[in-house]
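S.K.: how would this look folded up:
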Amino acid sequence: MAERPLCALVVDDEAPARRLLRMLCSDAGIVVSGEADDGDSALALLEEIPADIVFLDIAMPGIDGMETARRIPQGGNTASVPAVVFTTAFAQHALAAFDVGAVDYLLKPIDTARFGLAIERVRAALGGRLGDAPSPADHLWVPHRSDLVRVEVAAVERVEAERDYVRVVVGGRSHLLRETMEGMAKRLPSDRFIRIHRSTIV
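M.R.: This next block holds a predicted model:
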């Protein structure tokens, strides 16, 4: 089965920024299913339109992008939860962005190559929602300081459940990812990892 195109909701109070994101999405084969200029409108739209990804500005009238991300319905079905990519001119919000489960954080003006990397990360995060079930990954993207870093799966020592996150231990360091244990079990190769407990993969 062919991989279907991503559907995106673009949220920014500035029309030129929304226009640029529409162009970037079009070039990347992403369908923009809706636009909003504030957080409340975005949350209302998410109840009506399909969205695999939300491009979300941070500084907006009313509730800001961070609070909007926190209010995106999670529900019990992770397959329906969109991936959030923040788009902002301010680097200081990066750590907070990953704390609310963002897949990536793009600084304005958005670079085309950097946008492409964000889409790669989104596709990895969404996995099987886009078509056939994916093959186990050979790498993971994990938060580190104010960015995401690539970690080879072969270097992962264990994965532990921690509330709404999983803790990935690599080289004695741990990284929190907004993922379920079920999702991690599907992303890791079964010939290298085994789930020995509902909260532990080694």
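S.K.: show me what contacts the residue lying closest to I58 once chain neighbours are set aside?
M.R.: Nearest non-adjacent residue to I58, counting by C-beta to C-beta, 6 or more residues apart in numbering: G65, 3.8 Å away. (Each C-beta comes from the backbone N, C-alpha and C, glycine too.) Going by C-beta atoms under 8 Å, 6 or more residues apart in numbering, G65 touches V11, G39, L56, D57, I58, A59, F86, T88.
S.K.: between those, which has the most around it?
M.R.: When neighbours are taken as other C-beta atoms under 10 Å, the top entry among the contacts of G65 is V11 (30 neighbours).
S.K.: follow-up on the earlier one: state the pLDDT value of the residue nearest to I58.
M.R.: On the pLDDT scale, G65 is placed at 93.
S.K.: check L106 too.
M.R.: The model's pLDDT for L106 equals 92.
S.K.: with I30 instead?
M.R.: Looking at I30, its pLDDT is 90.
S.K.: that one and A51 touch, don't they?
M.R.: No - between I30 and A51 there is no contact under C-beta atoms under 8 Å: 10.8 Å.
S.K.: domain map for this structure?
M.R.: Using automatic domain parsing, the domains assigned to the chain come out as 7-130, 139-201.
S.K.: and the shortest one, average pLDDT?
M.R.: Meaning domain 139-201. Rounded mean pLDDT across domain 139-201 is 82.
S.K.: could you tell me the end-to-end distance of that domain?
M.R.: One end of domain 139-201 to the other measures 16 Å (C-alpha to C-alpha, to the nearest Å).
S.K.: would you mind measuring from G116 to E152?
M.R.: G116 sits 21 Å away from E152, going by C-beta to C-beta, to the nearest Å.
S.K.: packing partners of whichever strand or helix holds R121?
M.R.: Applying DSSP states H and E as the criterion places R121 in helix 112-126. Applying 3 or more C-beta pairs under 8 Å, 6 or more residues apart in numbering; DSSP states H and E, one finds that helix 112-126 makes contact with helix 15-27, strand 83-88, strand 104-107, strand 139-144.
S.K.: swap the cut-off to 7 Å and go again
M.R.: Helix 112-126 makes packing contacts with strand 83-88, strand 104-107 when contacts are defined by 3 or more C-beta pairs under 7 Å, 6 or more residues apart in numbering; DSSP states H and E.
S.K.: so which of the ones you listed is the most packed in?
M.R.: Of all the helices and strands packed on helix 112-126, strand 83-88 carries the top mean neighbour count, a mean of 25, counting by mean count of other C-beta atoms under 10 Å.
S.K.: ok now it, how far from the chain's centre?
M.R.: Relative to its chain's centre, strand 83-88 lies at 8 Å (C-alpha atoms, centre = their mean, to the nearest Å).
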